[in-house]
Every structure is written in structure tokens, then in C-alpha cells.
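Q: here's my sequence, what's the structure:
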Amino acid sequence: AVDKAVWLIQLVASAFLLAALCILNIIPYKFMILLAVILLILLLLTRLMSSRGYKRSKKKRSGKGLGICFSILFAFLGVYALKANAALDRIAIGEESGRYTEQHGIAVKDRPFNVYISGIDVYGDITQNSRSDVNLIATVNPGTHKVLITTTPRDYYVTIPGVSGAEGDKLTHAGIYGIDTSIATLENLYDTTIPFFVRVNFTSVEEIVDVMGGVDVESELAFTTSNDSGLVMDVKKGENHFNGKEALAFVRERQNLPTGDNQRGKNQQALLTSLIKKAMSPMILFRANGMINSVAGNSETNMSEKQIKSLIRMQLSDGKRWDIESVAATGDDTGKQWCYSYKEAPLYVTVPDWSKVEEIKNKIDAILE
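A: Take a look at the predicted model:
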């Protein structure tokens, strides 16, 4: 009776694990089938070892022990999968967007797309409107496994569609009017379409880096961060290992950089590139639950849960490395201009180098082809 009870518990735990993974829906089908076969073999093996007909009593007891251990492991993994699924529910607030729907015949994993990554200059509540100090566009081609990361300086002097008319303003001020306004401003600048966004703040950057166990980032320059970055520290040229607070200080610093905001944009690209590479590792699955929970409430995206899961499932299925290229918009940041959102005095701005903007347009178009 005890043998049968242990075997039934293992059977239930195995079924629970498979059901939880089906609900999570990020494991490729071929791996799910393989897992089901492995679970069946383990069930038969432990049943054989703990059966009454098995002659050697020590191995019979071992079979019971294995059955109990497997049951605990399967139950733990099942709960882990369900918790990860619940965390994804809290992050993915969007419905399937426009052309990128299975109903329209093309899923997000089958078509190149742009994602606007906005970093707002606050801690805490992600829903508040604030200046967007980080303005990155990730142009992703799932077919070719190429990513172009474009950074645009926060002080870029542009018009804000639907807000400033023909008057110029800083790109960062577009965030005051909401995420959609920032997206429209960048779409207008680069003559492209940006269907998706990811919005993060100081809290989410710190926590996601810490949950990942820190991150290795290549710095173009050696410098010391200032008090304005939130943490005074020395950054060396080349590879640096940062925890969350250090990574945030690295991407916030501009006072002690020779080209100010232009170099800060490159530093932001370097951190994002390192995070993408680490996130593409299969070992990230062991940190996935904590990583997802760390950004729930401190980040938001309009991608649907289904779209996020399809991209994760695609990566787990093929395991290919991504070719990541970075490009930065540049301009003249030595002068002041009147800005639509601030009427008291002219502000320092970066006047776009339009030849560089055109170069970026062409790069984005090439990835989207």
C-alpha cells in the first residue's frame, strides 16, 4: 500500500508539473514531449524499484526514496512555473497589437518590429508621467536574429507631434505628455513605426540587474561617477561587473563624461546589450521567476502575454545567438534654444546632425526588411 501511495504521489506531481508548464506556455513543444517521456521513464523506474517483487530490499527502499524526491522536485518546479506565469500576467498589460497578431496570420516572432525602451527619471510608481531620460529603440528581426539598438539623446531638439506644433523642444519633455507622445516623436524623427514599448524606472533597473546576479558591461571610457548619478564609483575602461546600484549609476552619469549626454546614451546601449546577452542564456530560466517578479510593478509594456511568451519559446527552441549592433544619434550640444515646454529661458539642447539621423533611418529599414 505504501509503495502504491508513493507511486501515485509521483504520478500526480508529474501531471501537475506538465500542466503548469502547459499553462506557462514557454517551453517548446518538442521539449515538452521529451519531458513527458522522461517523466514516464522515471515513473516506471521508481515503480519497478519499489515493487514487492523486487528482490533486494535496499534498492526497494531506494525506489521509495527516489519517488518521494522526484515528487517534491516536480511539485516545486510546477509551483515555480505557475508563479512565473502569474508574474507575467502583471507585466504584460497589452492586447495583441495591430499587424502582429496570429489572427492576422503573422505572429510577433515572425515579423521584424521596433520596441521603444523608455527610462523615466523616478523611483516607484511606473504609471506616473515623467521626463524620459532613456530613449532607446530596439529594432528586432526574429528571422535573422539581428538587433539594432538606437539611442537618441534626451536633449535632442525635435518637434513633438500633437503637442508643440512647429516649435522645437527637448525629446525628454515628450515623456511629460505620456508614452504615446514619446513614441510619436521618435516615429516622426526616424520615419518608422514603433508598435511596442517597454517602460522602466530606476527601481526596475536596479532590481533586474541584482536578480540576474549582476551584469558584465563594456565601458568605452574610464571615469568616476558624480553624486548626481546616485552613487560615486570608479568605472574602468573595458569590462566592469556591476550590481544594480552600480549599473544605474553607470547609465545615469553625464556630468563627468567628456561628451556628456552623447556618451551617456552609449553607456545605456552597453548596459542593454549586456542584459540582452545574459537574458538569452538558457541558465536564465533558473532566475526567471525572481527576474519577472522584480520588474512587476516597476515596468510596463503594451506587448501581450501571448506575444512575450511566443518570443521566449522561439529563443528556447532554436537557442541561436543574436547579432547586436548599436548606433547613436549625434548633434551639436553647445548652444541654447527656446523650448515649447519651458518658457522662462532658453535651454541647452542637442541640435540634430541630420546626416546621422538619415543614416540611422537606413539602418532601421535594413533590419526591418
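Q: now do the contacts for Met280.
A: Residues in contact with Met280 (C-beta atoms under 8 Å, 6 or more residues apart in numbering) are Gln315, Arg321, Trp322. Backbone N, C-alpha and C define where each C-beta goes, glycine included.
Q: tabulate these in a markdown table, adding columns for neighbour count.
A: Listed next are the contacts of Met280 as a markdown table, based on neighbours: other C-beta atoms under 10 Å:
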| residue | neighbour count |
| --- | --- |
| Gln315 | 20 |
| Arg321 | 8 |
| Trp322 | 16 |
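Q: from these, pick the one nearest Asn25.
A: When the contacts of Met280 are compared for distance to Asn25 (C-beta to C-beta), Gln315 wins out at 14.0 Å.
Q: which SSE is the closest one in?
A: Using DSSP states H and E, the element containing Gln315 is helix 305-318.
Q: quick one on the thing from earlier: can you tell me which of the contacts of Met280 is nearest Asp234?
A: When the contacts of Met280 are compared against Asp234 (criterion: C-beta to C-beta), the nearest one is Trp322, at 30.6 Å.
Q: number of residues surrounding the residue nearest to the closest one when sequence neighbours are not counted?
A: Once flanking residues are discounted, Trp322 sits nearest to His145: 5.0 Å by C-beta to C-beta, 6 or more residues apart in numbering. For His145, the count of nearby residues is 16 (other C-beta atoms under 10 Å).
Q: where does the protein have its least confident helix or strand?
A: For the chain, using mean pLDDT, DSSP states H and E, the weakest element among its helices and strands is helix 288-295, scoring a mean of 63.
Q: in the helix or strand just after it, what's buried?
A: Later in the chain than helix 288-295, the nearest helix or strand by DSSP H and E is strand 299-301. Of all the residues in strand 299-301, those buried under the rule 16 or more other C-beta atoms under 10 Å are Ser299, Glu300, Thr301.
Q: ok, stretch 108-119 next?
A: Applying 16+ other C-beta under 10 Å to stretch 108-119 flags Val108, Lys109, Arg111, Pro112, Phe113, Asn114, Val115, Tyr116, Ile117, Ser118, Gly119 as buried.
Q: again with stretch 359-369
A: Neighbour counts using 16+ other C-beta under 10 Å place Ile360, Lys363, Ile364, Ile367, Leu368 of stretch 359-369 among the buried residues.
Q: only the buried residues of stretch 316-324, if you could.
A: So for stretch 316-324, counting by 16+ other C-beta under 10 Å, buried means Trp322, Ile324.
Q: any low-confidence regions in the chain?
A: Residues of the chain meeting the criterion pLDDT under 70: 1-3, 50-63, 90-106, 121-130, 281-298.
Q: can you map out the helices along it?
A: Ranges of helices in the chain, per DSSP state H, are 2-24, 29-49, 57-91, 179-190, 202-211, 244-252, 261-279, 288-295, 305-318, 354-368.
Q: dump the buried residues of stretch 359-369 into TSV; add distance to Leu88 as well.
A: Below are those laid out as TSV (distance: C-beta to C-beta, whole Å):
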residue	distance to Leu88
Ile360	32
Lys363	31
Ile364	28
Ile367	26
Leu368	27
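Q: of all residues in the protein, which one is nearest the centre?
A: Ile276 (7.0 Å; C-alpha atoms, centre = their mean).
Q: partner residues bridging the residue lying closest to that one once chain neighbours are set aside?
A: Nearest residue to Ile276 in three dimensions, chain neighbours excluded: Ile324, at 6.3 Å (C-beta to C-beta, 6+ apart). Here Ile324 sits in beta bridges with Val147, going by DSSP bridges.
Q: give the contact list for Ile324.
A: Neighbours of Ile324 in contact, by C-beta under 8 Å, 6+ apart: Lys146, Val147, Ile149, Thr273, Ile276, Lys277.
Q: would you mind measuring from Ala5 to Ser226?
A: According to C-beta to C-beta, to the nearest Å, Ala5 stands 65 Å off from Ser226.
Q: ah, wrong one, I meant Glu325
A: In this structure, Glu325 and Ser226 are 30 Å apart, going by C-beta to C-beta.
Q: same check on Leu275?
A: Applying C-beta to C-beta, the value for Leu275 to Ser226 is 24 Å.
Q: show me what contacts the residue nearest to Arg154 when sequence neighbours are not counted?
A: Once flanking residues are discounted, Arg154 sits nearest to Thr172: 4.0 Å by C-beta to C-beta, 6+ apart. Residues near Thr172 by C-beta under 8 Å, 6+ apart: Arg131, Ser132, Asp133, Asn135, Arg154, Asp155.
Q: ok, and what's touching stretch 310-318?
A: Asn25, Ile26, Ile27, Pro28, Lys30, Phe31, Ala107, Val108, Lys109, Pro142, Met280, Pro282.
Q: longest strand of the protein?
A: In the chain, with assignment by DSSP state E, the single longest strand is strand 132-141.
Q: each with direction, which strands does that strand pair with?
A: Strand pairing for strand 132-141, determined by DSSP bridges: strand 113-120 (antiparallel), strand 146-151 (antiparallel).
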